[in-house]
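>>> below are the sequence and a predicted model for it; my questions follow.
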Amino acid sequence: MPGVFQKPHKNTEWLRRIAIVACLAIGITFSLKAMTTEVSATTGLHRSQETRQLASVAPPLTTVSIEDIQLGQRVVGRNPLREETQPPSDINPATWRAVQLSMFKGGVKYDLAFLRPLSWLESNSAKVGHSIHLEMHEMGLNGPAKVVAIDPCPQIEPDDGTSRNVVTGTMAHPGPNILYLNITGLNETLGVTDTHPIWSETRHEFVVAGKLEVGEQFKTLTGETSTLTKITPHRGPPEMVFNLEVDGEHVYSVASNGLLVHNDCVDLFRAVSPDEFDDIMRTGNFNPFPGAMEDKLFVTDLGDALRVADQPALIDAAAVVKTSVPGDVYDLLGHSNTIDTWAIDNGTVIVPSNLLDLFNSTKETVVHAF
């Protein structure tokens, strides 16, 4: 988690449009925190059969290797949790550009490419050969990313009425902690990172790959059911992981039968007063509250929230509540490891008042955590 508070960008309307870029790569930021979420696939699996990890791109079901998918192409994916979705962005090639960046961590190179509007380039002073700030909290990336190229926006694949979504980002990097999943109906083995959520038809929720169990059932793009038969951890050096940022749905279909995957979410906790607790339980949202700061302070660890709740000098706490937000929304917010460090070991998250509507519209249900 970043250790420096970053003030959200003053252009709230653009932040709202950024929120629409709900994607499939981990939470990524360029100063004002552009939004992404991870979907992963590895090369080298059954390469002789040319199956590898395949991304569904158009009905009737066809597949393309994920590393071959280009910016502006449309891909399949419909989120069964419709409350999480956002309307599509208005991507105009005349006012958007393709931005290529590179970043290093521990000697490992991360190659990234995104579609972004000219207003984003201007607000971030993005110029070829210069660096802009990049933060990808799930991967532990936080630092300068070099702008390698700024190219014309490619033509966007026309909407053919099949509800496919535009690819607005591609990413590649060596990935550790890969799991190989054997699934009925797939000739290839599906390689995913252990933190990536996959829709479980058994549980009717998204489950991170590392917590899947043999026997778990998945629904394919054709509506049929597949079963997880074996989980094998990757042995050996990291393999290349390919990620996509996809506009609108927070989900994406992978493999030759179109399994549904989702962006990562971040759990957040907040100690609340009796009146605020009643208001949250009544409305289901975090609202500006009389007599309290309009900005909302959350922590990412339940233990930290309980320590705050035990300090009557800070708050007359009635409860600790928990919610979850997509990693892309999390990355829009201000983060700090320095606020009330005597009580908080794992950092804080600030939801400024001008982002409360966005936060509330993308969060999961609020529950009474303690």
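Alright, I've got the coordinates.

>>> can you map out the helices along this protein?
All helices of the chain, identified by DSSP state H, fall at 12-20, 118-123, 274-283, 302-309, 327-330, 356-362.

>>> which residue packs closest to E245, ignoring adjacent ones?
Once flanking residues are discounted, E245 sits nearest to G169: 2.7 Å by C-beta to C-beta, 6 or more residues apart in numbering. For the C-beta atoms, the positions are set from N, CA and C on the backbone; glycine is no exception.

>>> likewise I91?
Distance criterion C-beta to C-beta, 6+ apart; nearest residue to I91, sequence neighbours excluded, is I156 at 5.5 Å.

>>> quick check: the one you found touching N165?
No - between I156 and N165 there is no contact, the gap being 11.0 Å when judged by C-beta atoms under 8 Å.

>>> show me which of the two is the more surrounded one.
Set side by side, I156 and N165 show more neighbours around N165, with 26 against 19, by other C-beta atoms under 10 Å.

>>> what's the separation between the residue nearest to S131 when sequence neighbours are not counted and T168?
Setting aside the residues directly before and after it, S131 is nearest to P144 in space (C-beta to C-beta, 6+ apart), at 3.7 Å. Remark: distance between P144 and T168 (C-beta to C-beta, to the nearest Å) = 22 Å.

>>> so these two - more neighbours on which side?
Between P144 and T168, counting by other C-beta under 10 Å, T168 is the more crowded of the two (30 against 13).

>>> wouldn't that one be in contact with P88 here?
No - under the criterion of C-beta under 8 Å, T168 makes no contact with P88, lying 10.3 Å away.

>>> for those two, list the residues in contact with both.
Contact criterion C-beta atoms under 8 Å, 6 or more residues apart in numbering; residues shared by T168 and P88: D247.

>>> circling back: next, the contact list for the residue nearest to I91, please.
I156 neighbours (C-beta under 8 Å, 6+ apart): G72, I91, P93, V166.

>>> outline the domain layout of the chain.
Domain segmentation of the chain under automatic domain parsing yields 12-263, 266-368.

>>> weakest of these in terms of mean pLDDT?
Lowest mean pLDDT within the domains of the chain: domain 12-263, a mean of 71.

>>> partners of the residue nearest to S131 in the sheet?
Beta-bridge pairing for P144 (DSSP bridges): H133.

>>> and if you look at N182?
Under the criterion DSSP bridges, N182 forms beta bridges with K230.

>>> ok, it touching E216?
No - between N182 and E216 there is no contact under C-beta under 8 Å: 11.6 Å.

>>> neighbour count winner among the two?
Higher neighbour count among N182 and E216: E216, with 20 against 15, using other C-beta under 10 Å.

>>> what does that one show for phi and psi?
E216 adopts backbone torsions of phi -60, psi 140, taken as degrees, to the nearest 10.

>>> so what's it up against?
By C-beta under 8 Å, 6+ apart, the contact set of E216 is S200, T202, R203, V207, T227, L228.

>>> who wins for neighbours among those residues?
L228 (21 neighbours).
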